[in-house]
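Novice: starting from these lines, generate the structure:
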Amino acid sequence: MPSRDLVLEKGLPSHVEAEQLVLGAILLDDSSFISVAGTLDPEDFSLEKHRRIFERMREISDRGERIDRVTVANELMKHSQLESCDGLTYLISLDDGLPRLYNLDSYVELVKKKSLLRRIVFACQKTMDRALLAHEDPATILGDAEESFLKLGDDATRTALASPQQIIDEIDGGVSAFLDPSRRVKGISTGFLKFDELTGGLHEGELIIVAARPAMGKTALALNIAQHVAMHPKIRKTVAVFSLEMSKASLLDRLVCSSARVDQHKFRLGYLGADERRRLSMATQEVVEAPLFIDDSAGANLMDIHAKLRRLKAEHGLGLVVIDYLQLMSGRGRYENRVQEVSALSRGLKLLAKELKVPMVVLSQLNRAPETRPGDHVPQLSDLRESGSIEQDADLVAFIFREELYKKDREDLRGIAQLIIGKQRNGPIGQVKLYFLKEFTKFENPAEALADAVPEE
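Specialist: Presented below is the predicted three-dimensional model:
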């Protein structure tokens, strides 16, 4: 096979000299072991003798003893490994005549890069062997391959700890910018004023869960936010919407009718007046020109979404991601039960939000507990369906609650909705009053919120 022939011809990626320099530098000055051990593992060395030497160094360091030729040789002898590491002569050769290395980090990075290349080769080879044997389902092989590459990516992006000074140095403007509230990064407005007041908007890297029972308006709320972010002239950021439940055409109907304030039922039946047709035409033009992208692939998985978002960000930028909804996503790979699968998905979405540096609004179903709870149907964090890890991974959890659906005879509840912030990692919890216009599938701010609003500059 061509790949095996190439391995035989070129050998696996490695840099033996860099490995020797790293080990020699530790023998020369054992205080450098701490910084090296924070980046490298024994498996990162290409030669077995180097892996064994580094492992013994780690054991010596864990005991708080000094690392030098003698202690490492003794440790190797205890494990009957000195001879297999070419004896004391080889240990002496590692630091003999070696000057103090002030650029040790560059050699450590070189060893780490070669290690990652070897792991990529092994992962590819394993996947290829399984595919050629054809004993397993292709979806299982593909899922395991994707998982292994995601883990490799996580290993490659591990960053070092940063001091407060380093963090401030990375902020444009330094200490003055850090202390000036007006210059701090603000979140993206959702268009719902009281919600923005409580949260500061949607912040990059955050996983925002919007949960509710069916028919409460989860999709409507998410589309209202997406529309505001993509179409408001002072925001106008690229928004990606992944709909695992509704088709692209149905979502477009909602977007246009909501924007034009036209009854969707009348729109579908075609009973429209001249003014409604005019408003629809204008709304359609605005929606068409907005940086809004919709995907309605059924059963989308994390890797599909990841690949599409990276491409979209490279081509158009990315300001917000909406996924409707979590329980319809599928996880590739093998899981013992659905709870483990949903847990893996919620964790993966949080990591994806951090990697892409965008807020990710993910809709989620609730279990039946709110409906069976006597007297009070207000949703709680414990009602999140199928996984407690959703609550753990989320930076913000908001529930949509419309009491009118439980008390249909109460005219005074008609259209009244609450957006309940049940968890917020960086702010207070609370309730936001909204109005739901069912005919337009649109949530709006109450009049008192609009009256209190400060005009945007």
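
Novice: show me how the chain divides into domains.
Specialist: 2-156, 185-452 (automatic domain parsing).

Novice: any idea which of these is most buried?
Specialist: domain 185-452 (a mean of 18; mean count of other C-beta atoms under 10 Å). The C-beta positions use only the backbone N, C-alpha and C, and glycine is treated the same way.

Novice: check which helices and strands the strand or helix carrying residue 418 is in contact with.
Specialist: Assessed by DSSP states H and E, residue 418 sits inside strand 416-424. Helices and strands touching strand 416-424, by 3 or more C-beta pairs under 8 Å, 6 or more residues apart in numbering; DSSP states H and E, are helix 193-199, strand 396-401, strand 430-437.

Novice: ok, now with 10 Å
Specialist: In terms of contacts (3 or more C-beta pairs under 10 Å, 6 or more residues apart in numbering; DSSP states H and E), strand 416-424 is packed against helix 193-199, strand 207-212, helix 218-231, helix 389-393, strand 396-401, strand 430-437, strand 442-444.

Novice: residue 91: which of these is closest?
Specialist: Residue 91 lies closest, by C-beta to C-beta, to one member of those: helix 389-393, at 46.6 Å.

Novice: who touches the most far-flung residue of the chain relative to its centre in this structure?
Specialist: Farthest-out residue of the chain from its mean C-alpha position, per C-alpha atoms, centre = their mean: residue 89, at 49.4 Å. For residue 89, the contacting residues are residue 96, by C-beta atoms under 10 Å, 6 or more residues apart in numbering.

Novice: try it again at 7 Å.
Specialist: Residues counted as contacts of residue 89 (C-beta atoms under 7 Å, 6 or more residues apart in numbering): none.

Novice: helix, strand or coil for it?
Specialist: helix (DSSP: H, G, I helix; E, B strand; the rest coil).

Novice: separation between it and residue 96?
Specialist: Distance, residue 89 to residue 96, by C-beta to C-beta, to the nearest Å: 10 Å.

Novice: check residue 442 too.
Specialist: Distance of residue 442 to residue 96, given as C-beta to C-beta: 77 Å.

Novice: residue 164: which of the domains of the chain is closest?
Specialist: Residue 164 sits nearest to domain 185-452 of all those, at 17.4 Å, using C-beta to C-beta.

Novice: now do that closest one, average pLDDT.
Specialist: For domain 185-452, mean pLDDT rounds to 84.

Novice: mind giving me the packing neighbours of the helix or strand containing residue 77?
Specialist: Element membership of residue 77 [criterion: DSSP H and E] is helix 69-78. Judged by 3 or more C-beta pairs under 7 Å, 6 or more residues apart in numbering; DSSP states H and E, the packing partners of helix 69-78 are helix 48-62, helix 87-95.

Novice: what's the closest of those to residue 392?
Specialist: The nearest among those, by C-beta to C-beta, is helix 48-62 at 31.1 Å.

Novice: okay, that closest one in CSV with CA atoms only?
Specialist: Extracted C-alpha coordinates of helix 48-62, given in CSV (Å, rounded to 0.1, in the frame of the first residue of the first chain):
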residue,chain,number,x,y,z
GLU,A,48,11.6,3.9,23.8
LYS,A,49,14.7,4.6,25.8
HIS,A,50,13.9,8.4,25.8
ARG,A,51,10.3,7.5,27.0
ARG,A,52,11.7,5.4,29.9
ILE,A,53,14.3,8.1,30.9
PHE,A,54,11.6,10.8,31.0
GLU,A,55,9.2,8.6,33.0
ARG,A,56,11.9,7.9,35.6
MET,A,57,12.7,11.6,35.7
ARG,A,58,9.0,12.2,36.5
GLU,A,59,9.0,9.7,39.3
ILE,A,60,12.1,11.3,40.8
SER,A,61,10.5,14.7,40.6
ASP,A,62,7.3,13.5,42.2
